[in-house]
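# okay, sequence plus prediction incoming.
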Amino acid sequence: MRELKFYSDNAVPLEMHKVRVVQKLNLLPIDERLRAINEAGNNTFLLRNKDTFLDMLTDSGVNAMSDIQLSAMMIADDSYAGSATFSKLESKLQELFGTKYVLPAHQGRACEHILAKVFIKNGDIVPTNYHFTTTKAHIGLQGGKVLEVHYPEALIVESDNPFKGNMSPELLKKVIVEYGASRISFVRMEAGTNLIGGQPFSLANLKEIYSICKHHGLLLVLDASLLSDNLYFIKVREPAYKEVDLRKITREIADHADIIYFSARKLGHARGGGICTNNTELYMKMRELVPLYEGFLTYGGMSVREMEAITVGLEETMDEDMINQGPLFIEYMVNELKQRGVPVVTPAGGLGCHLNAMKFVPHIPQSEYPAGALGAALFIASGIRGMERGTLSEERETDGKEHYSNMELLRLALPRRVFTLSQIKYAIDRITWLYENRDLIGGLKFTEEPKVLRFFMGRLTPVSDWQEKLVTKFKKDLGNSL
Ligand code: F0G
């Protein structure tokens, strides 16, 4: 990576683009923010975007698009079958991953649906470096189970381990002995491991896991949704790859997986998804399901305009100045918050800055959803919406008991090229205020709890009048300020 030094100031991340299209934002007064979050059942997924100031819910489908992506959308070839636009996307993926076959799907979880239907038998297990919500749900629906086989460091929130997303080869070997290879549908490696704070795996680790898989005749499936972040971290944290071109690293990653799937809402910076492989037999098995669930083989549920944008977005992912725009801004936010004593996931990962609710609000028991409560409190204090990544995002056990999450995180996603440094400074300021008033934050309880993926649509209410007290204190400290 090219290094940028500052002469007279502390280093700050620098925007390597200029803003040419803008969207007006709305910062509601605090009383209206309190009303909005309660109308949304204290669930940030249910907030209306017009009530939100900085939307840090996710980077999914909301990264800023480039002028080249937008112009490519205008020349898309609209046809049901044999679209030239699909051929371009297919060629780009073949070029980057070196894979022969490309199956389109409307988004990442649609790829997971197809993979689960084809490969999971009742009673199967899927060892993974860490699960993702939709992956786990699809595997579960087919009667399978995910097994986390990471190192203990993955769950140590504050650490200096550069590759917390690594899979433990020792544990994987144990799992293979314990369950037998025939019960393992595939081994799943997730790039930029989402739920533990956007933490990468190293290429050396991927290679080692792949060789264990080959030794036992197992398939390795790579979830490449967060590949851009993982690529950046391999380049800056894995000494062997410091001088290696991003295209070469990408190809080396792809060479160590049997199937690669991705959400193009993340990788490729548009909206869609795809599955790539070199294996004809695997391709034929999965191909059948694409027209059934997604759409014909040359669009798979995606609009041709999005496919054009993905093709360009994939090419832009090979640009260091583009992929560094997430991690550098996240690192700045994480370091500034850390200096102010705010508990955050370290080292800074991809995707976003993650607040550690277990330490931020240690007085809230997991049964009252500390990360969800922190999300509601932050919205009230700032108009910023984050995403709960803790117990709320888990499913109950079959006997109805809560499954307490290993971590209680509030994720503040920084979609690439969307926020400016001053907006990030505003976020840091309001989070710092909230941290200094953390004792005022209380828990939440469900008023409406869906059975599957409850975090999307569930509604909650505060367990006491803590939110009114928080508003009173905000007004006392910050007067009539927004
Ligand atoms: N895999 C990973 C690692 C993801 O982060 C996501 C989505 C998916 C699969 C599913 O892809 O949304 O296109 O269906 N993550 C989003 C997020 C939802 O906000 O982190 P999708």
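Good, I have the coordinates. Numbering: from 1, shown residues only.
# the ligand versus residue 287, what's the distance?
Noted for residue 287: a distance of 20 Å to the ligand, by CB to the nearest ligand atom, to the nearest Å. Any C-beta I mention is one placed from the backbone N, CA and C, and that applies to glycine too.
# my bad, residue 390
In terms of CB to the nearest ligand atom, residue 390 sits 14 Å off from the ligand.
# quick check: that residue touching residue 402?
No: Residue 390 lies out of contact with residue 402 (CB atoms under 8 Å); the separation is 11.2 Å.
# what is in contact with the two at once?
residue 366 (CB atoms under 8 Å, 6 or more residues apart in numbering).
# okay, helices next: where are they in the stretch 1-150 of the chain?
For the stretch 1-150 of the chain, the helices defined by DSSP state H, counting those that start in this stretch occupy 30-39, 67-73, 84-97, 108-119, 133-141.
# among these, which is nearest the ligand?
The ligand sits nearest to helix 108-119 of all the helices of the stretch 1-150 of the chain, at 2.3 Å, using CB to the nearest ligand atom.
# the closest one vs the ligand: in contact?
Yes: using CB under 6 Å from any ligand atom, helix 108-119 reaches the ligand at 108, 109.
# now that helix against helix 133-141, angle please.
30 degrees (axes from the mean of the first three to the mean of the last three CA atoms, to 10 degrees).
# got the residues of the stretch 101-250 of the chain near the ligand?
107, 108, 109, 132, 134, 190, 194, 223, 225, 226.
# between which two of these is the distance greatest?
Distance extremes for those: the farthest pair is 107 and 190 at 15.8 Å, using CB to CB.
# first vs last residue of stretch 11-31, how far apart are they?
This stretch, stretch 11-31, spans 37 Å end to end (CA to CA, to the nearest Å).
# do the same with stretch 129-146
10 Å.
# also stretch 406-417?
Using CA to CA, the two ends of stretch 406-417 sit 31 Å apart.
# any idea how far it is from the chain center?
When C-alpha coordinates are averaged (CA atoms, centre = their mean, to the nearest Å), stretch 406-417 and its chain have centres 8 Å apart.
# right, is that stretch up against the ligand?
No: Stretch 406-417 lies out of reach of the ligand by CB under 6 Å from any ligand atom, never closer than 6.8 Å.
# distance of the nearest residue to residue 315 once chain neighbours are set aside from residue 86?
Leaving aside its chain neighbours, residue 315 sits nearest to residue 92 (6.5 Å; criterion: CB to CB, 6 or more residues apart in numbering). Taking CB to CB, to the nearest Å as the measure, residue 92 falls 11 Å from residue 86.
# now do residue 343
Counting by CB to CB - residue 343 and residue 86 are separated by 46 Å.
# repeat for residue 154
Per CB to CB, residue 154 is found 37 Å from residue 86.
# now swap in residue 397 and tell me
Distance of residue 397 to residue 86, given as CB to CB: 43 Å.
# those two: which has the busier surroundings?
residue 86 (25 against 9; other CB atoms under 10 Å).
# once you drop chain neighbours, what's closest to the more buried one?
Nearest to residue 86 is residue 298, by CB to CB, 6+ apart, at 4.0 Å.
# does that neighbour belong to a helix, a strand or coil?
Three-state assignment for residue 298 (DSSP: H, G, I helix; E, B strand; the rest coil): coil.
# so it sits against residue 82, correct?
Yes: counting by CB under 8 Å, residue 298 does reach residue 82; the two are 5.8 Å apart.
# neighbour count: these two, which is higher?
Neighbours per residue, other CB under 10 Å: of residue 298 and residue 82, the larger number sits with residue 298, 23 against 11.
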